[in-house]
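Undergrad: Just a sequence and a predicted model for now, questions to come.
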Amino acid sequence: MKRVSLLAALVLLLTIAPAQAVSIQMTDATPHYVNTKENCCTPAECDICKITGFYNSTPAAAGGNTDFTNAFNAWEDDNEGWTIVNAGALSGTFQITTFDAKFDGCSGGVEFQVTYVPGEGDPAVGDTNWAQAIDTNDPLGGKTSPYLDIASGKDEDPPLYPHSYPDGYFYDWPKRGCPDDCEETVSWEGHLYLTAIDRAAEKLSLYEGIVWGFGLDCVVPEPAMLPLLGLGVAAVLNRRRRR
């Protein structure tokens, strides 16, 4: 009897289909997770500004996480009627085609691009949109974090990401200034979801998503960099002496 029970359990395990979930693939051949730049931080003792980018390889569950839900609820307070619907899991992939931590002057962030590739039973690219909530300790425009990443002055529109691109891909390059204190960190998180909308019923259907973002710190030069900096100073002094 025990052998039969074990065999039956094994057959049952083999016949149970794995839970469907979208896969997240890094397809950028040269992703940059970290970048640094000198002379972008005010304190002399931590003169180097450092970007540290990240993304979660495990997809955010369909229906919205706490940050997205809180941001949606804050938006919905002024737009009564809209609701979130759990659209279920996907079988396709989110391909991260660009992940580049970089600076624009002394403002830094992550250039981020995602392409949605439908799997069997998934909605077509043309039937989907993107929605994103932002959680940051440096919000812009006097907003309270977390908040929806929507076009300014268009609160009555569906709460979708304001930029639309061909072939259903998502692109963003958020930036923040370097902190003014060695002990501070500027943090930025995007809670990005593939969505479908029903304008008539005012429903925002959320499939799975990606959590991604970056942090900005002012850091002390690493020990390996100190000799190089010393050589640079010595070279400058030597030139001055020759002059």
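TA: Thanks, I have it.

Undergrad: Helix or strand: which one has the spatially most central residue of the chain?
TA: Among the residues of the chain, the smallest C-alpha distance to the mean C-alpha position (C-alpha atoms, centre = their mean) belongs to Trp212, namely 2.4 Å. With the criterion set as DSSP states H and E, the secondary-structure element containing Trp212 is strand 203-219.

Undergrad: Point out the other helices and strands that that strand packs with.
TA: Counting contacts by 3 or more C-beta pairs under 8 Å, 6 or more residues apart in numbering; DSSP states H and E, the secondary-structure elements packed against strand 203-219 are strand 48-55, helix 66-76, strand 83-86, strand 93-104, strand 107-117, strand 185-198. Heads up, the C-betas are built off the backbone N, CA and C, glycines and all.

Undergrad: ok, now how distant is Thr185 from Asp135?
TA: Here the criterion is C-beta to C-beta, to the nearest Å. By it, Thr185 lies 14 Å from Asp135.

Undergrad: For those two, indicate the residue with more neighbours.
TA: Counting neighbours by other C-beta atoms under 10 Å for Thr185 and for Asp135 shows that Asp135 has the greater number, 21 against 13.

Undergrad: Remind me what the helix or strand where that one lies packs against, helices and strands.
TA: Secondary-structure assignment from DSSP H and E places Asp135 in strand 129-136. Counting by 3+ C-beta pairs under 8 Å, 6+ apart, the packing neighbours recorded for strand 129-136 are helix 66-76, strand 147-148, strand 185-198.
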